[in-house]
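Undergrad: my questions are about this predicted structure, shown below with the sequence.
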Amino acid sequence: MKVINVVGARPNFMKMAPIIEAMDARRDHFRHVLVHTGQHYDERMSRAFFDDLGMPKPDIDLEIGSGSHAEQTGKIMIEFERVCRQEAPDLVVVVGDVNSTLACTVTAKKLGIRVAHVEAGLRSRDMSMPEEINRLCTDVLCDYLFTTDALASENLRNEGIAEGRIHFVGNVMIDTLMKHRALAERRELIGSWGLRPGEYATLTLHRPSNVDDPQVFRGILDALAEIARDLPIVFPIHPRTRKMAQEFGFAGYFSDGSPVRNIWLTEPLGYLDFLHLNMNARLVLTDSGGLQEETTVLGVPCITLRHNTERPITCMQGTNQLAGNQPSEILDAAKRVLRGDWQGGRIPEKWDGRAAERIVEALAALP
């Protein structure tokens, strides 16, 4: 079976790495090509993630770059169509919910190529999120839908997806975490910064709903500055968030170079350093998706700065709680963590480091 595996953004790398490894273990059955669309195109950061995860260099890099959602999706479709015609795969595997996921799915299906979606069935019910649109459209089109949890599988059934297309396999991001956890534990990053385990918080913040409105962004920063009086906050800042902070004149909230004052900015980190940072944090504040899952497995309290999540299993069973983006709610959640009033959580079913093996086993059984 000839397979094209598609990645487009850094979260995709963590999801694809164990799938590639599992396919390599079945070389008698799979011949695969790795296509990087270049949706996230920072060469230094992309290379760091590939190196940390032990992934092979992409066979094909479309080098799409930035642009509006329509521009980016259209460019990917044009370039990926050429790849599909040239490679003539039996199957395309897409992961996650970025523009590359949707663009490559549509392109492959119009060429009559089967498509498998890894991390299918996640739903936030928030149509203002571009990712939700990508998820819905991708799942309607794909032939094989691999879900992370029973809730995601149930979402697909409720949407009328035939049972034979749904495969509950577990979470490939957790495969990656479990494989690299011991290596990340040995990193010396926080020690080099003068921090000790459990005595700081980690922050990620990048969603337009949080950083594009100066009033909302300022309110979040006010809450974080209050938290930082009791607990230093390490903030590997997204380039877009840095741009908006500069545009709105919010530089005064941050402290470059010292973790003892307010909110300490760092450049984006590679996978192992970021995992090391989060596994040793007292708490994590985030508006991302995958971090809600990783903190659940790590047993670290997670405050999600959103009003909804496509990963409700992390709230029902894990260490995650939604706090929205209002200062009073963020502060209340942080105070509860600091006084020990937070759910301990447990690891969801099949988050055992073997999801990729189950995916490849299912694909190997296809006619």
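TA: Received it, and whenever you're ready, just let me know what you need.

Undergrad: how about Ala116, nearest residue that isn't a chain neighbour?
TA: Among residues not flanking Ala116 along the chain, Tyr144 sits closest, at 4.0 Å (Cβ to Cβ, 6 or more residues apart in numbering). Glycine gets a C-beta too; all of them are placed from N, C-alpha and C.

Undergrad: number of residues surrounding that neighbour?
TA: Look at Tyr144: counted by other Cβ atoms under 10 Å, it has 20 neighbours.

Undergrad: wait, doesn't it sit right on Val169?
TA: No: Tyr144 is not in contact with Val169 according to Cβ atoms under 8 Å; the separation is 10.4 Å.

Undergrad: can you give me the helices in the stretch 51-200 of the chain?
TA: 69-87, 99-110, 130-141, 150-158, 172-185, 189-192 (DSSP state H, counting those that start in this stretch).

Undergrad: other SSEs contacting the second one?
TA: By that I understand helix 99-110. Based on contacts counted as 3 or more Cβ pairs under 8 Å, 6 or more residues apart in numbering; DSSP states H and E, the elements that helix 99-110 packs against are strand 2-7, helix 69-87, strand 91-95, strand 114-120, helix 130-141.

Undergrad: that helix vs helix 130-141, what angle?
TA: Relative orientation of helix 99-110 with respect to helix 130-141: 20 degrees, computed using axes from the mean of the first three to the mean of the last three Cα atoms, to 10 degrees.

Undergrad: ok, residues contacting helix 99-110?
TA: Defining contact as Cβ atoms under 8 Å, 6 or more residues apart in numbering, one finds that helix 99-110 is touched by 4, 6-9, 12, 35, 37, 39, 69, 72-74, 76-77, 80-81, 84, 89, 92, 94-95, 114-115, 117, 130, 133-134, 137-138, 141-142.

Undergrad: ok, now with 6 Å
TA: With contact meaning Cβ atoms under 6 Å, 6 or more residues apart in numbering, helix 99-110 is reached by 6, 8, 37, 39, 72-73, 76-77, 80-81, 92, 94, 115, 134, 137-138, 141.

Undergrad: what about Gly8, distance to Gly345?
TA: Counting by Cβ to Cβ, to the nearest Å, the separation of Gly8 from Gly345 is 30 Å.

Undergrad: tell me which of those two has more neighbours.
TA: Here Gly8 and Gly345 are compared on neighbour count by other Cβ under 10 Å; more neighbours surround Gly8, at 29 against 21.

Undergrad: what are the boundaries of the strands in the protein?
TA: Counting by DSSP state E, the segments of the chain that form strands are 2-7, 31-36, 60-61, 91-95, 114-120, 144-147, 166-168, 201-203, 233-236, 254-256, 263-266, 283-286, 302-304, 320-322.

Undergrad: switch these over to CSV; also include mean pLDDT and distance to Asn210.
TA: Formatted as CSV, the strands of the chain follow (pLDDT from 0 to 100; distance: least, Cβ to Cβ, whole Å):
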stretch, mean pLDDT, distance to Asn210
strand 2-7, 98, 25
strand 31-36, 97, 28
strand 60-61, 94, 31
strand 91-95, 98, 24
strand 114-120, 98, 23
strand 144-147, 98, 28
strand 166-168, 98, 32
strand 201-203, 98, 11
strand 233-236, 95, 13
strand 254-256, 76, 16
strand 263-266, 92, 14
strand 283-286, 98, 10
strand 302-304, 98, 11
strand 320-322, 98, 13
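
Undergrad: redo these as TSV? Include distance to Leu277.
TA: Supplementary listing: the strands of the chain in TSV, determined by distance: least, Cβ to Cβ, whole Å:
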stretch	distance to Leu277
strand 2-7	23
strand 31-36	25
strand 60-61	28
strand 91-95	24
strand 114-120	24
strand 144-147	29
strand 166-168	31
strand 201-203	5
strand 233-236	6
strand 254-256	17
strand 263-266	9
strand 283-286	9
strand 302-304	14
strand 320-322	18
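
Undergrad: what's the closest of those strands to Leu272?
TA: Between Leu272 and those, the shortest gap by Cβ to Cβ is with strand 233-236, which sits at 13.0 Å.

Undergrad: quick check: Arg31 touching Ile4?
TA: No: if you go by Cβ atoms under 6 Å, Arg31 and Ile4 don't touch, sitting 10.3 Å apart.

Undergrad: neighbour count for those two, which is higher?
TA: The residue with more neighbours, out of Arg31 and Ile4 and counting by other Cβ under 10 Å, is Ile4; that gives 25 against 11.

Undergrad: is the more buried one in contact with Val92, as I believe?
TA: Yes: counting by Cβ under 6 Å, Ile4 touches Val92, with 4.8 Å between them.

Undergrad: got the domain ranges for the protein?
TA: 2-171+351-364, 185-338 (automatic domain parsing).

Undergrad: which of those domains sits closest to Leu177?
TA: Judging the domains of the chain by Cβ to Cβ, what sits closest to Leu177 is domain 185-338, at 5.7 Å.

Undergrad: off-centre distance for the closest one?
TA: Its chain's average C-alpha position is 15 Å from that of domain 185-338, according to Cα atoms, centre = their mean, to the nearest Å.

Undergrad: give me the distance between the two termini of that domain.
TA: The first and last residues of domain 185-338 sit 23 Å apart, counting by Cα to Cα, to the nearest Å.

Undergrad: make residue 1 into 10 and carry on from there
TA: Got it, first residue is 10 now, which makes that one domain 194-347.
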